[in-house]
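K.L.:
build the 3D model from these lines:
(one chain, ligands or ions: 2)
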Amino acid sequence: MTADPVVTLERVSREYRQGEATVHALRDVSLALRRNELSVVRGRSGSGKTTLLNMIGGLDRPSAGRVEVDGVEVSSLTGDALVDFRRRTVGFVFQGFGLIPILSAAENVEIPLRLRRLEPTERSARARELLHLVDLSHRAHHRPQELSGGEQQRVAIARALANEPPLLIADEPTAQLDSRRAEAIMGVLRQLVATQGVSVVVATHDPLLFGMADRAVELRDGEVVADSGSSRAASLEAAAAPG
Ligand SMILES: Nc1ncnc2c1ncn2[C@@H]1O[C@H](COP(=O)(O)OP(=O)(O)O)[C@@H](O)[C@H]1O
Ligand SMILES: [Mg+2]
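P.N.:
Ligands and ions are numbered 1, 2, ... in the order given. Have a look, this model is predicted:
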């Protein structure tokens, strides 16, 4: 059985006008990411990683081409459908964590659940469960400033998972962390792929982290210049193939 990809890009380009000049942030990128994998998008600063992730997350639109996520053509969504997509289909994790300083870890995780109007008891039970997933149960009532960078990022990951999105998108999630904490965050993401059935796409330029992924796609000047494919999924497919 070949599962359908969680993300498909077909000949995606994105150009930005800068005065007289045109910046080609992505050039004719075609890519399919398999479900239930940890994929890394690597490349130097300016290579197009954020642009690619923003296309996948419905935060930006291609100038040309097509983006499909979890069976939905993101590049054609507008209005409520786009808001709904960003809320339910993708979870976002950013470099700067993006936690609200006056709220505790648990309250930060509850924010997306409030938007869904869950009952308070259900909400706090779910937040506890999510913090447990990222191994932060003991920090539930601390505010961000009382947490290390690595802990703050784990809260942000828990929050991104609140609505059980099939896809987690993380843009340089470890850029503000030392290498030990960066590896720990990648370990958490790996664990989530293994246990929660979520697919994860991480942009990073940290070579330490490439090896922890199932798949590494390298961008240079907006083009895919290397793609490890996926040995794990490829061998699973080979094993499942008849004869
Ligand atoms: N809003 C924008 N306006 C103009 N140029 C942009 C914009 N966003 C990104 N770019 C340019 O597109 C290229 C790719 O940027 P980006 O996707 O942010 O790369 P990365 O995340 O790999 O550092 C860069 O040359 C950047 O300057
Ligand atoms: Mg970037």
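
K.L.:
find the centremost residue of this structure, please.
P.N.:
Centre of the chain computed as the mean C-alpha position; nearest residue by C-alpha atoms, centre = their mean is Ile169, 1.1 Å away.

K.L.:
other residues contacting stretch 119-133?
P.N.:
Contacting residues not belonging to stretch 119-133 are listed as 105-107, 109-110, 113-114, 118, 137, 139-140, 155, 158-159, 161-162, 192, 195-196 [C-beta atoms under 8 Å, 6 or more residues apart in numbering]. All C-beta atoms are positioned from the backbone trio N, CA, C, and that covers glycine.

K.L.:
can you do 6 Å?
P.N.:
Counting by C-beta atoms under 6 Å, 6 or more residues apart in numbering, stretch 119-133 makes contact with Ala106, Val109, Glu110, Leu113, Ser137, Ala140, Ala158, Leu161, all of which sit outside it.

K.L.:
pull out the buried positions in that stretch.
P.N.:
By neighbour count, and taking 16 or more other C-beta atoms under 10 Å as the criterion, the buried residues in stretch 119-133 are Arg123, Ser124, Arg126, Ala127, Arg128, Leu130, Leu131, Leu133.

K.L.:
who in the protein is up against ligand 2?
P.N.:
Counting by C-beta under 5 Å from the ion, the positions of the chain adjacent to ligand 2 are Lys49, Thr50.

K.L.:
whichever residue of the chain sits closest to ligand 2: how many residues sit nearby?
P.N.:
Ranked by C-beta to the ion, the top residue of the chain for proximity to ligand 2 is Thr50, at 3.2 Å. A count of nearby residues for Thr50, using other C-beta atoms under 10 Å, gives 19.

K.L.:
list the contacts of it.
P.N.:
Taking C-beta under 6 Å, 6+ apart as the definition of contact, the neighbours of Thr50 are Asp171.

K.L.:
ok but it is inside a helix, no?
P.N.:
Yes: the secondary structure assignment for Thr50 places it in a helix, going by DSSP: H, G, I helix; E, B strand; the rest coil.

K.L.:
still on that earlier bit, among the contacts of stretch 119-133, which one has the most neighbours?
P.N.:
Going through the contacts of stretch 119-133 with other C-beta under 10 Å as the criterion, the one with the most neighbours is Val109, at 30 neighbours.

K.L.:
just to check, that one is in contact with Ala158?
P.N.:
Yes: when contacts are counted by C-beta atoms under 6 Å, Val109 is listed as touching Ala158 (4.8 Å).

K.L.:
just give me the closest of the contacts of stretch 119-133 to Arg44.
P.N.:
The nearest member of the contacts of stretch 119-133 to Arg44, counting by C-beta to C-beta, is Leu161 at 29.6 Å.

K.L.:
quick one: that closest one from Asp60, how far?
P.N.:
Relative to Asp60, Leu161 is positioned 23 Å away (C-beta to C-beta, to the nearest Å).
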